[in-house]
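>>> got a structure for you, letters missing:
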């Protein structure tokens, strides 16, 4: 519970000072300016008074209970002060002071030390190297932060890993007249974590939208758990930096391969229903709509305009973002026909024309709100000298107050001339944007979240498998960080019911001949030895062996060639039909593995046409992964070809998901290629490798 | 010459009125408010005075010369009034009045009629259904437009097909304190054209940047010619609507297939060096930088920041947009080491930290401006209570006045607190943005334009070909709108030296046998008859004929099967090696044809991995097309494969470009597949079709 952090009954400022450039001074000023509802105790051993407040030499001298302290003294002095805070029974310490983990080894040691001190007393550390927190709840009104954007109440809460980004988000919300519920930028995350903060916002009834800025996920599993619980109640919007390798370097993260981190984060967002937004500006604009508007029930948008060009841009942008243009019902058309001027265009977009007044523009909005085949309304509203713009805004404002479908509005006006127009619209809760491009994107994000809320509860199929068998094999390799023998790989896959091409392990000529009798020519022979990793490159694979003679000849050849390795062999049937796909699995530190799906070869390697999802995969997840690759039509069949067995591929994905979840020690698993056959005929793994490196 | 339109010496307002809701009134008010430097003559047969101006009953009653009239009377009255204007010697008539082409047939007739009247007198029509024009030149200061955004001088000129979009662009330039040079929104384009206006802006020395909004290109060839002449002198930025089929429907365009129009426009932009921008907001932000900053000489950007998070976002965005992070020279590092606080991070981004003052922040900018390995500077500047923000702005402002590299700046500040900070920066010409994402995109567009300016003058190779031979064949099909016989197709290709698989035309068994003797088995036999278009579907293609016996057998079979069609046949060598690509050409109405290049099959059909360029193709264009497809690495060779003969492919493209330019009557030409062989071994067309439908 973070109540004593976000709703402190009393605050002490350690490092309070009369120097207006000091953090202690600024935090105190911010608390005063925002009329903090509890008592403030400045702590300063050298002054009796700070800003007309009696100052105390030490926290232990404060006569009353203290929930929260803000600390901005030198890093090396922090431990001593924290001991005192602990003794005093302080609940949370916001450590603004820098010079901890971010400066290297010594700093990290100091950081661990202060957390230990705090925990000894049941106290929590927020930071260090942190901005602070804010809560606009009028009963508390706490601005325990050294930033400068004024705060007033609203229903959007922000948590930002970077203070600079957090401040940017806060500023631009403020500039469009939106209030803020809670704010926090948590610095080094030594103790109080991002996930706890999001969880707290999630439980806060007055937070309607959560905005998150992220660079790295310290605890991905925790984030997944918390976010999955919250997104069915309220939207979480995330911008995440570190999308490029250069960005990851700048983030200063050194764990895992570079792009993997972002891929994992993305998979976690998808799994938990978090909306990843591409820019801060778009996130702000989107949050405003979520904060004020109901969600669309579907993707059919109607556009109303009083000028052509911007509406056409809206059409392009809505369609590109996956929305559909609604078809107006005959009844709606009839209503509009009676209502609008003859020059009006009654289609979608509806062009009410520039001379339309409140009756025409407003009446159109009312009619479209009633049309059951319309899910959302996008308005393009241009003021002109020919029509009563303020009257239209007033009418829209009335309508907006009770509308049960989302309305977003692009407004083109000169505020110095139509002064009250934008405030009028905003009052009614209709969000106002400057550009049709933005307006369309916002509506698309709302629609996407609407779909997330409507999606069925995922059903996870638990397959009957032989876990014990796989376990025995995996245990043999644990901690060895090497690839498994082919034979073991296929054993594991088969123990999980993953359909493979017919495969037999053989060690000598006798076994070979016996195995070949039970299989259909042509056959494939592969050498199988620990040290031979790139079998094809060293001549360790013979394809398309048409008969026994060819098989025996190549067996002899390989046996001689690789005699030194004392290899085993794998005999497989040689498949030719079927389309190649690649299915993969990557183990993650502390969170379930990532599954991968793509078409074979260049589709994955060059075009990067790959989908990632986090295990466990539900029925829906597996199909969604397959259908989301750009090359999906290839699997559906092009140029009269038959579709492949999508369900068969989905089953392999789900079984693999179960395997990966059962064995977090599997680091890499590639099924490459998997052959997908005609519908009804399933799919089969042809080649596979597994590396177990996590212990 | 549009001087009398954009620099009128005198203006008459036909439809001038004392009704403040009338266009005539508003235009007159705008002229007065902006202190138009010539005389205004209101024309109104019913009033003696309009706004204290003497009104004339007719244009013919005006005692002086009139350059420009603004007409806003009823559509049916326009012809009579134009006759009078013509007699009076008026040079340009801005027709605001609607009710012309846009309302259908009758309107179109009226529109043609008024143009005829005007031309009879050597007068030009601007519009109809148009907003008007503006020119902020203090010697003229004309606001002959009925819109509302105030005008003050600047160096950006706007031309917008949609008045609503034009007004949006104008408004947001105004809101960021940027002046405007000229403005026009030209309505139905019955006479004065977009291309003339762009040309005029191009010749205007005080226009530094041109912003264009487009929905349809009425005269693509004219646009190409004009834009190609201007872009080496100043940037042309375009936003074009109609990107999606739905958008094209909304645009109301009915010529050509839907997506084709946008593809053609895009190819024209590329050819002429026009920058296509994806949103109005981005175009405005980009224009501001072009208006104020020098161009980068290369793609190496240095980022300077005083807070972490937004700089990291800048890194991601710069890199994603194709910029490179500059490497600071040892000397620069040394300078910064002496200059900056110990906590500063001397890398790229350079983090001068929040406490850095004017000396540190400004000194860093100066050092990086001197570093020869840096082409552009992106600043992230966050005001804080700890440093002298206004001092930093003042210092940057000084530096900005003489900097020879572009500087763009993201500023996070609260204007009500650091009041003069943003104006200070803007005064110095440093453009100020709200978000790092925007700032990065702007810099990337500037860098792109810098590259366009630096690109070598294109060299066009003129191949020795047999045009006459192709001409004879093409002439036979002219106006028939059907596919050419295969035989003719290959004749044409070969007459242009386009390398094809060995192909012979045959009509009977004797010819077949003779032809086969000169070719290498396996062979391919194809039926060739006008009515058989989908040869493969009807069994009209035999592949991989291994010997004479097989060849003769299939020849007999086909001869019998298609006897009714009296077909010819095509005999080809059967190629198997080589990578498939598709090369195509599409004829365009009134402008040179579009060339297309992509990898074969699903790459084109499903992944739409295709590049388009306008003929004629220069050496650079052809290679650029090939290298720009996403699948290009496939041609370079993956997994140890050898690269294909890129030059051979480029040669086919260039020869095809010459063919297409010589024969605008070719409507469609597909070379599908073309086999590309190993480097040095060229490429060959395997199958091809041509449709001649333009006459």
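Nice, thanks for sending it over. Here the structure is a predicted model, which means the values were calculated and not measured.
>>> now do the same contact list for the residue of the stretch 251-400 of chain A found nearest chain B.
The stretch 251-400 of chain A approaches chain B most closely through residue A:309 (2.2 Å), counting by Cβ to the nearest Cβ. Backbone N, C-alpha and C define where each C-beta goes, glycine included. Contact partners of residue A:309, counting by Cβ atoms under 8 Å, 6 or more residues apart in numbering or on different chains, are B:160-166, B:213, B:215, B:241.
>>> please redo it, this time with the cut-off set to 10 Å
With contacts defined as Cβ atoms under 10 Å, 6 or more residues apart in numbering or on different chains, residue A:309 is in contact with A:380, A:382, A:436, B:160-168, B:185, B:213, B:215, B:241, B:250-251, B:280.
>>> what of residue A:535?
By Cβ under 10 Å, 6+ apart, the contact list for residue A:535 reads A:486, A:526-529, A:541, A:558, A:562, A:567, A:570, A:687.
>>> need the pLDDT of the residue of the stretch 251-400 of chain A closest to chain B.
Reading off the confidence values, residue A:309 has pLDDT 94.
>>> identify the residue spatially nearest to it, adjacent ones excluded.
In space, and not counting its chain neighbours, residue A:309 is closest to residue B:162: 2.2 Å by Cβ to Cβ, 6 or more residues apart in numbering or on different chains.
>>> could you say which helix or strand holds the residue of the stretch 251-400 of chain A closest to chain B?
helix A:308-320 (DSSP states H and E).
>>> again with residue A:238
For residue A:238, the enclosing helix or strand under DSSP H and E is strand A:236-240.
>>> say whether chain B is contacted by that strand.
Yes - using Cβ under 10 Å from any Cβ of the partner chain, a contact is recorded between strand A:236-240 and chain B, made by A:239-240.
>>> within the sheet, what are the partner strands of that strand, with directions?
Each strand paired with strand A:236-240, and its direction, by DSSP bridges: strand A:209-214 (parallel), strand A:275-276 (parallel).
>>> what is the end-to-end distance of stretch A:557-571?
End-to-end span of stretch A:557-571 (Cα to Cα, to the nearest Å): 15 Å.
>>> same check on stretch A:177-194?
Counting by Cα to Cα, the length from the leading to the trailing residue of stretch A:177-194 is 27 Å.
>>> near chain B at all, that stretch?
Yes - residues of stretch A:177-194 contacting chain B under Cβ under 10 Å from any Cβ: residue A:185.
>>> and for stretch A:407-414?
Yes - among the residues of stretch A:407-414, A:410, A:412-414 lie within reach of chain B under Cβ under 10 Å from any Cβ.
>>> got any ranges where chain A has weak pLDDT?
Where chain A drops to pLDDT under 70, the residues are A:252-259, A:694-695.
>>> does the most far-flung residue of it relative to its centre count as helix, strand or coil?
Outermost residue of chain A with respect to the C-alpha centroid, by Cα atoms, centre = their mean, is residue A:549; its distance is 56.7 Å. Using DSSP: H, G, I helix; E, B strand; the rest coil, the three-state assignment for residue A:549 comes out as helix.
>>> gap between it and residue A:506?
17 Å (Cβ to Cβ, to the nearest Å).
>>> also residue A:13?
In this structure, residue A:13 lies at 77 Å from residue A:506, with Cβ to Cβ as the measure.
>>> neighbour count winner among those two?
Here residue A:13 and residue A:506 are compared on neighbour count by other Cβ atoms under 10 Å in any protein chain shown; more neighbours surround residue A:13, at 28 against 20.
>>> tell me who's in contact with the more buried one.
For residue A:13, the set of contacting residues under the criterion of Cβ under 10 Å, 6+ apart consists of A:23-25, A:27-28, A:31, A:40-44, A:50-51, A:53, A:55, A:68-72, A:94, A:144.
>>> switch the cut-off to 7 Å
When the contact criterion is Cβ atoms under 7 Å, 6 or more residues apart in numbering or on different chains, the partners of residue A:13 are A:24, A:27-28, A:40, A:42-43, A:70.
>>> ok, these vs residue B:154, which is closest?
Using Cβ to Cβ, the shortest approach to residue B:154 within the contacts of residue A:13 belongs to residue A:27, at 43.3 Å.
>>> angles on the backbone of the residue nearest the centre of chain A, please.
Most central residue of chain A, judged by C-alpha distance to the mean C-alpha position with Cα atoms, centre = their mean, is residue A:269 at 2.6 Å. Residue A:269 has phi and psi values of phi -60, psi -50 when expressed as degrees, to the nearest 10.
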